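J.: This is a predicted model, with the sequence first.
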Amino acid sequence: MKFKPLRDRVLVKYSEEAERTASGLYIPDTAKEKPQKGEVVAVGAGKVTDDGKLQPVSVKVGDVVLFDKYSGSKVTMDDVEYLIIREEDILGIVEK
């Protein structure tokens, strides 16, 4: 399925979490928290400013980003869970 976000929205695929703790204990799915990190899969064109100009989104497809814990809307497409968030909810880009 193809998805194109509108305006300043960004489609993010959650990063996979570790299945074990640092000490080696396995974490059951029910105890896991959703990660606050993910990969940008699609971006909108940008936000229209008050003077009518288009301000492009500052992240691009492939960027790994950190975002607010309770931001956005969760959607499932093709059995994969994504998050649709506004660009302002992105805290930063993770450098490799």
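T.: Cool, got the structure.

J.: any idea how far Leu91 is from Lys37?
T.: Remark: distance between Lys37 and Leu91 (CB to CB, to the nearest Å) = 10 Å. Yep, even glycine has a C-beta here, placed from its N, CA and C like the rest.

J.: Residues that sit against both of those two, list them.
T.: Counting by CB atoms under 8 Å, 6 or more residues apart in numbering, the common neighbours of Lys37 and Leu91 are Val65, Leu66, Phe67.

J.: Make a ChimeraX selection of whichever of these turn out to be buried.
T.: Burial among those is assessed by 16 or more other CB atoms under 10 Å; the matching ChimeraX selection reads:
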select :65,67
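
J.: so of the shared contacts of Lys37 and Leu91, which ones are in helices?
T.: Judged by DSSP state H, helices contain none of the shared contacts of Lys37 and Leu91.

J.: Could you dump the shared contacts of Lys37 and Leu91 into TSV with pLDDT and distance to Gly46 added?
T.: Shown next, in TSV, are the shared contacts of Lys37 and Leu91 (pLDDT from 0 to 100; distance: CB to CB, whole Å):
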residue	pLDDT	distance to Gly46
Val65	94	16
Leu66	93	21
Phe67	91	18
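
J.: just the shared contacts of Lys37 and Leu91 now: which is nearest Val57?
T.: Using CB to CB, Val65 is the member of the shared contacts of Lys37 and Leu91 that lies nearest Val57, at 11.2 Å.

J.: in the chain, which residue is closest to the centre?
T.: Geometric centre of the chain, nearest residue: Val12, 2.9 Å, by CA atoms, centre = their mean.

J.: tell me which element that one falls in.
T.: strand 9-14 (DSSP states H and E).

J.: do the same with Glu81
T.: Assigned by DSSP H and E, Glu81 belongs to strand 80-86.

J.: and the angle from that strand to strand 9-14?
T.: Relative orientation of strand 80-86 and strand 9-14, computed by axes from the mean of the first three to the mean of the last three CA atoms, to 10 degrees: 140 degrees.
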